[in-house]
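Enquirer: Okay, here's the prediction I keep looking at, along with the sequence it came from:
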Amino acid sequence: MERFNRTSETAARHLLSRCLRSSRWAARMAAHRPYPDAAALLAASDEAAYDLPPEELLAAVREECRLLRTDELARAFLAADEPSTPAAGAGAGPRRAGDGGGLWSEAQLRVVRSMPRAARTAVRAAWVAYEQRFGHGFVLSLEGVDPEDALNHVLTTVRSRLALTAEDERVVAAEELRQLARERLTRLIRSDRALDFGTECAEFPPFAPPLGLPV
């Protein structure tokens, strides 16, 4: 927390924009530092997110989903065919030192590749149906979900949310974004790695943690 409170305004906004893709939210959170503790930080995060107008929340959802499409792990997870190991330097996202596939390690990619093709195909079909119905991608927090249950949880949740009205789904998606922001903020302030606080730091991966996999 001390490192986050001490960082420059520009760096803080950059860090915060990785937690929720809203410049207004990031600016407000940065301006209200210092935070005395994690509880105060998370309470401020919720309040700032609740105050965002609907169009900005929708823009944040769309940006989250745009980044999701550039992530090797997410592409591998959603691929209908068998994903291959990304070539060095492939993909649009920034890299962490020691990672074998963009934001994710080779071990994480191997877990994704081991998932049955039929299961990944079912998730992909539900994902596409969701995008066609609501006009934006699907966001979901998997905090507390057992990794063994992650695939079924994603599929079940996508299908259940397909039954919602557009207005009700906007409310649900906004709440998932707020939860993702809380999880990412928690991971950020607990980090003891200096590179996580630099302007060249990698994006937080989708789902934070993604699909129930360890980070």
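Expert: Happy to help now that I have it. Please read these numbers as outputs of a predicted model, since none were measured by experiment.
Enquirer: Okay, now the unreliable bits of this protein?
Expert: Counting by pLDDT under 70, the chain shows low-confidence ranges at 68-114, 147-148, 192-215.
Enquirer: ranges for the helices of it?
Expert: 2-6, 9-17, 23-31, 38-50, 54-70, 72-78, 106-114, 117-134, 150-162, 166-190 (DSSP state H).
Enquirer: Tell me the buried residues in the longest one?
Expert: Translated: helix 166-190. Judged by neighbour count using 16 or more other CB atoms under 10 Å, the buried positions of helix 166-190 are 169-170, 173-174, 176-186, 188-189. No exception for glycine: its C-beta is placed from N, CA and C like everyone else's.
Enquirer: just to revisit the earlier point, most neighbours per residue, which of the helices of the chain?
Expert: helix 72-78 (a mean of 23; mean count of other CB atoms under 10 Å).
Enquirer: follow-up on the earlier one: ok, which of the helices of the chain comes nearest S141?
Expert: helix 166-190 (4.1 Å; CB to CB).
Enquirer: Summarise which helices and strands the closest one is packed against.
Expert: Helix 166-190 sits against helix 38-50, helix 54-70, helix 117-134, with contacts defined as 3 or more CB pairs under 8 Å, 6 or more residues apart in numbering; DSSP states H and E.
Enquirer: how about those helices in a markdown table, adding distance to R24?
Expert: A markdown table is the format used below for the helices and strands packed on helix 166-190 (distance: least, CB to CB, whole Å):
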| stretch | distance to R24 |
| --- | --- |
| helix 38-50 | 8 |
| helix 54-70 | 6 |
| helix 117-134 | 23 |
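Enquirer: Check the gap between E131 and R13 for me.
Expert: To R13, E131 is 29 Å away according to CB to CB, to the nearest Å.
Enquirer: Same check on L155?
Expert: Computed as CB to CB, the L155 to R13 distance reads 36 Å.
Enquirer: and what of L180?
Expert: In this view, L180 and R13 are 18 Å apart by CB to CB.
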